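Chemist: could you look at this predicted model? Sequence included:
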Amino acid sequence: MTAIRGTGGGRYDAIVIGGGHNGLVTAAYLARAGKRVVVLERRHLVGGAAVTEEVIPGFRFSVFSYVVSLLRPEIIRDLSLPAHGLEILPLESTVTPMFDGDYLAAWPDADQTRREVARHSLRDAEAYEEYSRLMGLMAMAVKPIIGMIPPDPTSLSPRDLRGLLRVGRHFQSLSAKHFHLLYKLMTMSSADFLDEWFETDVLKATKSASGIIGTFMGPRTPGSAYVLLHHYMGEIDGAFRAWGFARGGTGAISESIGRAARAFGTEVRLDAEVTKVRTQGGKATGVVLANGDELQAPVVVSSLDPKRTFLRLVDEADLPADFVADIRRFRIRGSSGKVNLALSGLPDFTCLPGVGPHLRGAISISPSLEYVERAYDDAKYGAFSRRPYMDIILPSMIDPGMAPPGKHVMSVFVQYAPSTITGGWDDSRRDAFGNAVLDAIAQFAPNIRDVIIDKQVLTPADIERITGLTEGNIFQGELALHQLFFLRPSPGWAQYRTPVRGLWQCGSGTHPGGGIMGAGGRLAALEILGTGA
Amino acid sequence: MTRSLPGTPFHPRTAPLVEGQTWRRWAGFVVASSYELHHDREYHAIRTSAALFDVSPLFKYHVRGPDAVRLVDRVVTRDVAGARVGQVLYTPWCDAAGKVLDDGTVSILAPDFLRVTAADPNYRWLCENARGLRVTVDDASESVAALALQGPNARTILEHATGTDLAGLRFFRLQNALLRGVPVTITRTGYTGDLGYEIWMDASQALPAWDALIAAGTPFGLTPAGILALDVARIEAGLLLLDVDYVSARKALIEPQKSSPLELGLEWTVGFDKPAFVGREALVAERERPAEWRFTGVEVAWEPLEALYTDLGLAPRLPTTAWRTSVPLYAPGSEHQVGYATSGCWSPLLKRYLTLAHLEAPYAEPGRELDMEVTVEHRRKRARANVCALPFFNPGRKRA
Ligand SMILES: Cc1cc2nc3c(=O)[nH]c(=O)nc-3n(C[C@H](O)[C@H](O)[C@H](O)COP(=O)(O)OP(=O)(O)OC[C@H]3O[C@@H](n4cnc5c(N)ncnc54)[C@H](O)[C@@H]3O)c2cc1C
């Protein structure tokens, strides 16, 4: 994307700190409403955790996030993202290789999947369809909440009361059966929840794995079941097809939003790191850049995570002490790493030798519940998982433009890699982590080392260093129940406002949370414009 | 690894007969839509000679053990405990709220051995209801192959093929036989509303069984027939189809999508006198209330339909295959929608335009006039239609 490497000071209606996808969404909506907006991005490209970079010459990587599932359809429509280059390609299957040489697959077709699951358990094959249907209904039940500005249950303002009433009515409209199910999802561990449905261990392992992504929880940690639901929220927009792989990698999503923002008149400045939010009389007035430039605006919106925003950019003296304490307590432990591989050929999985449709979908390294739980055990005690859970895709199988002809790129999302490990992250521990990942892949695709041309290993420390995500937490703060909805990021400050008047927040650290969703960015903009629900 | 959907055990015989690669998915298998390029001859074979259908994709469950009858009796609405060995029962089954999950047949093969057929997978449901009972449930969907032999010559053909006198095999009864050496179970059942039989065998014996029937049947006009022909026949017979005419309560996303047996015209299948079965309380209560919905036949009147086309200078157009979409039905001359048709076809035999429909009960008495939405030259029109009792076609030979 061509962006103005603008310099100097300036006056704006709104300054957005951070050019991640949420910051860009906020900017686009504000600019669309006629505001003069500037986005200040520290790096040389926009996207934050959603960037595509040619890390290895000729090989393009979705360096961090790699699939899109939750991007709000209303944003795609409002900002005309397809017209700005967004193209989402299907990512249709999930295959889990097993230790005994077998595998479990979920294919895009219900008949195929039923046949496949029935190889493992006839009952599970039937339960699978019912489970998917019910989870879809549950996601429908929760969806309106994602799209609303969280009402504050302790506030008596008419707007909050109206919002609460809406939430209340909404839940009342659920049948008793569905309400009970929702309650279970909110309280149970994903393993316990799945035990109520299935008997096949590898099926439960793979499903529960989708419930631990980005969290510092294991499949047996209470509360992890809720994250299962997040997975299905993408699916209910199935008809809209917001779920899949963005052509050109996830950076293409950010770039399409960036183009939309610019088309509305937003100025995007790259290599523009904000070091301070200026305030006067408890009110934000502008920002200071690392190069000393100062920009003024009555509205300053931060898309950075709450710790970075409030503990680094804002003077502590401008914030109430209890708020600062809340932000310090905000749980943001990173738990994930990423390994990006440039390959001369395709990995050959023992369970499905050769080239096949499985290589066009996700490959989940979650052969058993115990495997995933043990991966978590390592992390609990301050180490990276010796045998990690991994979610693998081969973007070049979906979009050949990601690698030179005949060559491939492989994206390996890895858990667990705690942000703080015993002894701290350094080069040798990064190497050891990378080796553990390759060993774990080699258990199922023994040729993996033979086809590697080069690799990029990213620990949580690297993720933090490059993107600024505190502790490398992929969601700008854990998606744990005590940090969601009217509690995200802090009780009383879930409506995108902050204790500093004129300073707003719009990143994944706000409701409804992380992932390439754009919802926080949109709701913040609507709230700033006073047009929020 | 292949992800292709499999053919049935008869595939090696049926595949070479399909002239236009017209395959259709059915329960995770592929079967012929029609063998010839047009299904007309296959349809007429059902009514004038005999047609042979591959119905292997049906889900089939073997329930065995001392409590086999108890289990099935507990699950389905029909009175299985009161039936005898050798009987076959058509029946729906419901969830606890009395909403239909599926429908199929129950064959009582022995006091401790029943076969249940279903349109959807039901293994888990049977197992869940089997807790505490001395039964085993086996999924026989792939191990048992099935053919339907339907039409006026069906009995003659089957007698030739088996060398058995079938005059004593009454409607919805079963009998074991040898089909040119292949052990089969013959049930006098079908989905065409005609004289007909279904023949059940071990999947490994499918090909010799097919060959035997074709050999015996060809002199009597036996014609392999596909789903398109079957679909017309089953509408004439007023037989409903899961996922087309009703939504399983298991798959319904909202309450109004569900139907009770009473709302589907299946009140006759509900054993209200049975002490217990899944959904009984809800159905007993429903019976006390005035009915809200009825499932019935609706016939589109010819002259007014023809007039809609004549006005434009066109000859009337009729559906060439059965349709499976939802079509609104209105109180005559008004905007008040009173129901919807879910299946429809032109009956080449009866020369009538037939549909199966859900109607608000007050509009469902036979003879009642309605308007059906039709699209004539890209424009929405209303065609006059009348409520008819089901079945539309019910030849004496079916039960004789
Ligand atoms: C390894 C990894 C894998 C992931 N996988 C997926 C996935 O597959 N699917 C999915 O939906 N989500 C995934 N996520 C999560 C998702 O990428 C993030 O939740 C989302 O991209 C965050 O967007 P954001 O705009 O809220 O914040 P960010 O992307 O963090 O944007 C913040 C921006 O601010 C910039 N910045 C930081 N400090 C300053 C400063 N002082 N001045 C100016 N600019 C600054 C940063 O460079 C960055 O561009 C993943 C995340 C990671 C890290």
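Modeler: Arrived safely.
Chemist: make it CA atoms for all contacts and neighbour counts henceforth
Modeler: Fine.
Chemist: up against the ligand, what does the stretch 201-350 of chain A have?
Modeler: Within the stretch 201-350 of chain A, the positions near the ligand by CA under 6 Å from any ligand atom are A:A272, A:E273, A:V274, A:T275, A:S303, A:L304, A:G337, A:K338.
Chemist: mind checking which of those residues are in helices?
Modeler: In helices, judged by DSSP state H, none of these are found.
Chemist: which of the residues you listed sit farthest apart?
Modeler: Largest separation among these by CA to CA: A:T275 and A:K338, giving 27.9 Å.
Chemist: more neighbours, the two?
Modeler: A:K338 (26 against 17; other CA atoms under 10 Å in any protein chain shown).
Chemist: tell me the bridge partners for the more buried one.
Modeler: Judged by DSSP bridges, the bridge partners of A:K338 are A:F413, A:L458.
Chemist: helix, strand or coil for the closest residue to the ligand within the stretch 251-400 of chain B?
Modeler: Per CA to the nearest ligand atom, B:L253 is where the stretch 251-400 of chain B lies closest to the ligand, at 26.9 Å. Three-state call for B:L253 (DSSP: H, G, I helix; E, B strand; the rest coil): coil.
Chemist: what's the per-residue pLDDT of it here?
Modeler: In the prediction, the pLDDT value recorded for B:L253 is 89.
Chemist: what's the spacing between it and chain A?
Modeler: 7 Å (CA to the nearest CA, to the nearest Å).
Chemist: for burial, what's the neighbour tally of that residue?
Modeler: By other CA under 10 Å, neighbour count at B:L253 equals 15.
Chemist: so it touches A:M135, yeah?
Modeler: No. B:L253 is beyond contact range of A:M135, at 11.3 Å (criterion: CA atoms under 8 Å).
Chemist: now stretch A:301-319: buried residues?
Modeler: The neighbour-count check on stretch A:301-319 (16 or more other CA atoms under 10 Å in any protein chain shown) flags A:301-310, A:313-314, A:318-319 as buried.
Chemist: got a list of what the residue of the stretch 51-200 of chain B found nearest chain A touches?
Modeler: With CA to the nearest CA as the measure, B:R124 is the residue of the stretch 51-200 of chain B nearest to chain A, at 5.0 Å. Each residue near B:R124 by CA atoms under 8 Å, 6 or more residues apart in numbering or on different chains is listed here: A:L122, A:R123, A:E126, A:A127.
Chemist: mind checking the SS state of the second one?
Modeler: When you say that, I think you mean A:R123. A:R123 is classified as helix under three-state DSSP.
Chemist: that one: neighbour count?
Modeler: Neighbours of A:R123 (other CA under 10 Å): 21.
Chemist: which pLDDT value goes with A:M135?
Modeler: 88.
Chemist: was I right about it contacting A:H231?
Modeler: No. Checked against CA under 8 Å, the pair A:M135 and A:H231 is beyond contact range at 9.3 Å.
Chemist: quick check: phi and psi at the residue nearest the centre of chain B.
Modeler: Among the residues of chain B, B:Y191 comes closest to the average C-alpha position under CA atoms, centre = their mean, at 4.6 Å. Note on B:Y191: backbone dihedrals following degrees, to the nearest 10 are phi -120, psi 30.
Chemist: go on, the one 10 residues further on?
Modeler: Dihedral angles phi and psi of B:M201 (degrees, to the nearest 10) take the values phi -150, psi 170.
Chemist: quick check: beta-bridge partners of it?
Modeler: Beta-bridge partners, per DSSP bridges, of B:M201: B:A145.
Chemist: distance of it relative to B:W210?
Modeler: From B:M201 across to B:W210, the span is 11 Å (CA to CA, to the nearest Å).
Chemist: what sits against the residue of the stretch 251-400 of chain B closest to the ligand?
Modeler: So, once contact is read as CA under 8 Å, 6+ apart, B:L253 ends up touching A:R133, A:L137.
Chemist: confirm B:D79 sits in a helix?
Modeler: No. Residue state for B:D79 (three-state DSSP) corresponds to coil; a helix is not indicated.
Chemist: who's the closest spatial neighbour of A:G406, skipping the chain neighbours?
Modeler: A:G345 (7.1 Å; CA to CA, 6 or more residues apart in numbering or on different chains).
Chemist: I'd say B:P316 and B:T310 touch.
Modeler: Yes. Taking contacts as CA under 8 Å, B:P316 lies within contact range of B:T310: 7.2 Å.
Chemist: out of the two, name the residue with the larger neighbour count.
Modeler: Comparing B:P316 with B:T310 by other CA under 10 Å, the one with more neighbours is B:P316, at 15 against 12.
Chemist: quick one: secondary structure of that one?
Modeler: Per three-state DSSP, B:P316 ends up coil.
Chemist: let me see the contact set for it.
Modeler: B:L305, B:E306, B:L308, B:Y309, B:T310.
Chemist: from these, keep the buried residues only.
Modeler: B:L305, B:E306, B:L308.
Chemist: which of those residues fall in helices?
Modeler: Members of those lying in helices (criterion: DSSP H): B:L305, B:E306, B:L308.
Chemist: nearest to A:R42 among those?
Modeler: Using CA to CA, those come closest to A:R42 at B:L308, 69.1 Å.
Chemist: help me confirm that that closest one comes into contact with B:V376.
Modeler: Yes. In this structure, B:L308 is within contact of B:V376 by CA under 8 Å, at 7.2 Å.
Chemist: would you check how far apart A:V202 and A:M135 are?
Modeler: Taking CA to CA, one finds A:V202 at 19 Å from A:M135.
Chemist: next: A:P460.
Modeler: Taken as CA to CA, the span from A:P460 to A:M135 is 31 Å.
Chemist: okay, these two: which has more neighbours?
Modeler: A:P460 (27 against 24).
Chemist: which residues does the more buried one contact?
Modeler: Applying CA under 8 Å, 6+ apart, the residues near A:P460 are A:G334, A:S335, A:S336, A:G337, A:A417, A:P418, A:S419, A:E471, A:G472, A:N473.
Chemist: neighbours around B:D311, how many?
Modeler: Count around B:D311 with other CA under 10 Å applied: 9.
Chemist: next one: A:D160
Modeler: 17.
Chemist: and B:V144, by the same measure?
Modeler: Neighbour number of B:V144 under other CA under 10 Å is 21.
Chemist: ok, it touching B:Q205?
Modeler: No. Here B:V144 does not reach B:Q205: they are 9.3 Å apart, not a contact under CA under 8 Å.
Chemist: near the ligand, which residues of the stretch 101-250 of chain B are found?
Modeler: Counting by CA under 6 Å from any ligand atom, no residue of the stretch 101-250 of chain B is near the ligand.
Chemist: nearest spatial neighbour of the residue of the stretch 101-250 of chain B found nearest the ligand, skipping sequence neighbours?
Modeler: Using CA to the nearest ligand atom, the closest approach of the stretch 101-250 of chain B to the ligand is made by B:R250 at 31.2 Å. Nearest non-adjacent residue to B:R250, counting by CA to CA, 6+ apart: B:L101, 5.9 Å away.
Chemist: return stretch B:180-191 as PDB; C-alpha atoms alone will do.
Modeler: Output in PDB follows, covering the C-alpha atoms of stretch B:180-191 (Å, rounded to 0.1, in the frame of the first residue of the first chain):
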ATOM      1  CA  ARG B 180     -31.800 -67.900  -7.400                       C
ATOM      2  CA  GLY B 181     -30.000 -69.200  -4.300                       C
ATOM      3  CA  VAL B 182     -29.500 -65.900  -2.600                       C
ATOM      4  CA  PRO B 183     -31.200 -65.700   0.800                       C
ATOM      5  CA  VAL B 184     -33.400 -62.600   0.900                       C
ATOM      6  CA  THR B 185     -36.100 -61.100   3.000                       C
ATOM      7  CA  ILE B 186     -39.100 -59.900   1.000                       C
ATOM      8  CA  THR B 187     -41.300 -57.200   2.500                       C
ATOM      9  CA  ARG B 188     -44.500 -56.200   0.700                       C
ATOM     10  CA  THR B 189     -43.700 -52.500   1.100                       C
ATOM     11  CA  GLY B 190     -42.600 -49.700  -1.100                       C
ATOM     12  CA  TYR B 191     -42.600 -46.000  -1.800                       C
END
